[in-house]
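In: fold the following and give me the result.
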Amino acid sequence: MEERSAREEPAGAGSPELRLWVRLLRCAKIGEKQLRRNFEDQFDTTLPRFDVMAALHREPDGMSMGRLSKALLVSNGNVTSIVRQLHAQGLVLSQPDPQDGRSAIVSLTEQGERQFRQLAEAHHRWIADIFRDVPPARIYQLVDGLGEVRRLLGDKT
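Out: Below is the predicted model:
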């Protein structure tokens, strides 16, 4: 068996797949950091609160807490905490699930819808600003390519 030196790279290090993975993560983190800062500075809110409101906006009849956590790819505990904060601000309504009394259906209030629209408009401007120097043709190429990767990874959404 061949022994590796302490300086030798592990198998696969520097591979195109690994470089792609690292770049995707880095780009996402850079953009997310900017969005987090903008939400905090301009609206005194958080990106996770916006994400919850966006998910609820897409489902006007509301969502169960379990479905909401699945949609956002986060734990029930994280969603519960954010929903409580939004409820305290009058932005969401929580009602017993008629199908399952142990569960709740959460939806945006009228005030929540108004605030979401304001946040969404700002979010759209910030995203456009992040990509302002990327040519539109390149954006379409990236969207198509990453959509293909997502499908190959088994994402059905």
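In: where does pLDDT dip in this structure?
Out: Along the chain, the model assigns pLDDT under 70 to residues 1-13, 156-157.
In: and the helix ranked longest in it, what other elements does it pack with?
Out: Criterion DSSP state H: the longest helix present in the chain is helix 16-43. Helices and strands touching helix 16-43, by 3 or more Cβ pairs under 8 Å, 6 or more residues apart in numbering; DSSP states H and E, are helix 47-57, helix 110-130. Backbone N, C-alpha and C define where each C-beta goes, glycine included.
In: so that helix versus helix 47-57, what angle?
Out: Relative orientation of helix 16-43 versus helix 47-57 (axes from the mean of the first three to the mean of the last three Cα atoms, to 10 degrees): 90 degrees.
In: quick one, helix 16-43 and helix 110-130 angle?
Out: Between helix 16-43 and helix 110-130, the angle formed by their directions is 130 degrees, by the same axes, to 10 degrees.
In: can you give me the offset of helix 16-43 from its chain's centre?
Out: Distance of helix 16-43 from the chain centroid (Cα atoms, centre = their mean, to the nearest Å) equals 11 Å.
In: now do the buried residues in it.
Out: 35, 38-39 (16 or more other Cβ atoms under 10 Å).
In: separation between P135 and L142?
Out: As judged by Cβ to Cβ, to the nearest Å, P135 and L142 stand 11 Å apart.
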